[in-house]
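> got a predicted structure here, sequence first:
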Amino acid sequence: MQQIYQDILQAKANNNKLLAILLDPDKLNIENIEQLSSKINSSPATHIFVGGSIVSNGETKLIVLELKKHTSLPIILFPGNTNQVTNKADGILFLSLLSGRNPEYLIEQHVKAAPLLQKSDLEIIPTGYILIEGGVETAVQKVSNTLPIPKNDVNLIIHTALAGQYTGKQLIYLEAGSGATESVEIKTISLVANAIDVPLIVGGGIRSKNKIEAAYQAGADLVVIGTAFENDSDFFKK
Ligand code: 1GP
């Protein structure tokens, strides 16, 4: 039973918007997790994503185990590579970097992860991950050695999202990259949301409640907040 995914589908059907806080194990101190969790528990977050482009081996498991002690929100891996797979989480966004043409992030890492996933109870959610130009060169661009899709090439973005859906991705993730200075344009979110049937995730460079709301209005089903919460754990209080 794909409980996490079913809940996302249900939320989409009911037009209940979802919010994930992204925690990058590389930027976290295990001692701070308890306090951070209490802020997350009192925020509008519905999911916690854990992952990053560069994370030391074993770090993700420790962070997830600590989070599990202090929150009951679903914890979903958002891994930059196979090293970040841990069966201590609830699920995994099994990301294919569809905007790039680097086989390592289209299939190679997935083959390496397969035996680990086979042994785990993780809910596996195939996700088409589309990196869009966001004003700066982001970590995912550097690490994956791929270029984002130019933000004005809206047709290519739509066609990539559709190709993701047609090849079986259960989610499409429009990503400007963590720390982007420009988040994905509202018009682009709207065009992609109208073109696809599967739930749409939008993240990267979203640092205000107005932007979150605008992304929802345009058709995002789930918005991801990383840097804004990382810089200010009271972000949702204000
Ligand atoms: C990155 O979409 C997420 O993968 C979040 O980005 O850190 O810019 O919020 P920010």
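Yep, that arrived.
> check contacts around the residue lying closest to A195 once chain neighbours are set aside.
With sequence-adjacent residues excluded and distances taken as Cβ to Cβ, 6 or more residues apart in numbering, A195 is closest to I158, at 5.0 Å. Backbone N, C-alpha and C define where each C-beta goes, glycine included. Contacts of I158 were listed using Cβ atoms under 8 Å, 6 or more residues apart in numbering, and they are L191, V192, A195.
> quick one: which of those residues is nearest I40?
Among those, V192 lies closest to I40 (Cβ to Cβ), at 27.8 Å.
> only alpha carbons, please: show the helix or strand the closest one falls within as CSV.
Element membership for V192, per DSSP states H and E: helix 186-195. What follows is helix 186-195, C-alpha atoms only, in CSV (Å, rounded to 0.1, in the frame of the first residue of the first chain):
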residue,chain,number,x,y,z
ILE,A,186,4.1,31.4,-11.6
LYS,A,187,3.1,31.1,-15.3
THR,A,188,5.3,28.0,-15.7
ILE,A,189,3.8,26.4,-12.6
SER,A,190,0.3,27.0,-14.0
LEU,A,191,1.1,25.7,-17.5
VAL,A,192,2.7,22.5,-16.1
ALA,A,193,-0.1,22.0,-13.5
ASN,A,194,-2.7,22.2,-16.3
ALA,A,195,-0.8,19.9,-18.6
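> check which helices and strands it sits against.
In this structure, helix 186-195 packs against helix 154-166, strand 171-175, strand 200-203, helix 209-218, with contacts taken as 3 or more Cβ pairs under 8 Å, 6 or more residues apart in numbering; DSSP states H and E.
> what is the mean pLDDT for the third one?
So that's strand 200-203. Averaging pLDDT along strand 200-203 gives 98.
> repeat for the second one
Strand 171-175 comes out with an average pLDDT of 98.
> quick check: the gap between the residue in the chain sticking out farthest from the centre and S96.
Distance from the C-alpha centroid of the chain peaks at E31, with 24.1 Å (Cα atoms, centre = their mean). According to Cβ to Cβ, to the nearest Å, E31 and S96 sit 35 Å apart.
> do the same with V223
The value you get for V223 to S96, if Cβ to Cβ is used, is 21 Å.
> what does I189 give?
20 Å.
> which of the helices and strands packed on helix 186-195 sits closest to I54?
Between I54 and these, the shortest gap by Cβ to Cβ is with strand 171-175, which sits at 16.3 Å.
> that closest one pairs with which strands?
When pairing is defined by DSSP bridges, strand 171-175 lines up against strand 123-131 (parallel), strand 200-203 (parallel).
> which residues of the protein lie near the ligand?
Residues of the chain found near the ligand (Cβ under 6 Å from any ligand atom) are 22, 175, 178-180, 203-206, 224-228.
> where do the strands sit along the protein?
18-23, 47-50, 75-77, 91-97, 123-131, 171-175, 200-203, 222-225 (DSSP state E).
> quick check: the farthest pair among the residues of the chain next to the ligand?
Greatest spatial distance in the residues of the chain next to the ligand: E175 and A228, 15.3 Å, computed using Cβ to Cβ.
> what about those two, which has more around it?
Per other Cβ atoms under 10 Å, whichever of E175 and A228 has more neighbours is E175, with 25 against 19.
> flag every buried residue along the helix holding V192.
Buried residues in helix 186-195, counted by 16 or more other Cβ atoms under 10 Å: I186, T188, I189, S190, L191, V192, A193, A195.
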